[in-house]
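need a 3D model of the sequence below.
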Amino acid sequence: MEKVIEGKSYYIFSYMDRLFDQGKTAWVVVTGMSMYPFLRENLDMVELTRASFPSIKKGDIVLIQRLNGEFVLHRVMKKNPSNLYIIGDAQQWLEGPILENQLKAIVINIRRDNKMISCNNRLLNALVCLWFIARPIRNRLIQIIRYVGH
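Numbering: from 1, shown residues only. The predicted model follows:
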């Protein structure tokens, strides 16, 4: 039975830690526009599981906790042995360094229009690679995507 919890992200994510300790995953509704067009606000859901820093790679979507306590779901752009740099799909600038203790979870699946999309999907990963290359012109591409989509 799925349990739905609503509330402040701090309390939700601390509850998720207890789920992860039990070997479970957690589904979260996407909020904010920083991961558009790959994740859509209030329409898409992501399945999160505990993240292992050594297994994180470029292109993964991770949940991190900023030093000010805020939680953010962004994509890994660059990884070093002791830290990583993240970026929202709708953004052009990197955030980091993100330290290992700030890493809270990794997205393993996306639910869109009642369809499950694995984060290991080859087409999705190819599109992400192209999106990394298009970083300097993302804003223009997003304008085009929004225009065509409406």
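
point out where the protein drops to low pLDDT.
1-10, 150 (pLDDT under 70).

could you pull out the strands for it?
Secondary structure of the chain by DSSP state E: the strands cover 26-29, 45-50, 61-65, 71-79, 83-87, 95-99, 103-112, 115-118.

the last one pairs with which strands?
The reference is to strand 115-118. Applying DSSP bridges to the sheet, strand 115-118 is found paired with strand 103-112 (antiparallel).

hmm, who's touching the strand it pairs with?
13, 16-17, 20, 25-27, 39-40, 43-51, 53, 56, 60-65, 71, 73, 84, 116-119 (C-beta atoms under 8 Å, 6 or more residues apart in numbering). From N, CA and C alone the C-beta is placed, and that goes for glycine too.

buried subset of the residues you listed, written for ChimeraX?
A single ChimeraX command selects the buried members of the contacts of strand 103-112 (16 or more other C-beta atoms under 10 Å):
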select :13,16,20,26,39,44,45,46,47,48,49,50,51,53,56,60,61,62,63,64,65,71,73,84,117,119
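
re the thing from before, any chance of the strands of the chain in JSON lines, with distance to V128 too?
JSON lines is the format used below for the strands of the chain (distance: least, C-beta to C-beta, whole Å):
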{"stretch": "strand 26-29", "distance to V128": "20"}
{"stretch": "strand 45-50", "distance to V128": "14"}
{"stretch": "strand 61-65", "distance to V128": "9"}
{"stretch": "strand 71-79", "distance to V128": "7"}
{"stretch": "strand 83-87", "distance to V128": "11"}
{"stretch": "strand 95-99", "distance to V128": "17"}
{"stretch": "strand 103-112", "distance to V128": "12"}
{"stretch": "strand 115-118", "distance to V128": "12"}
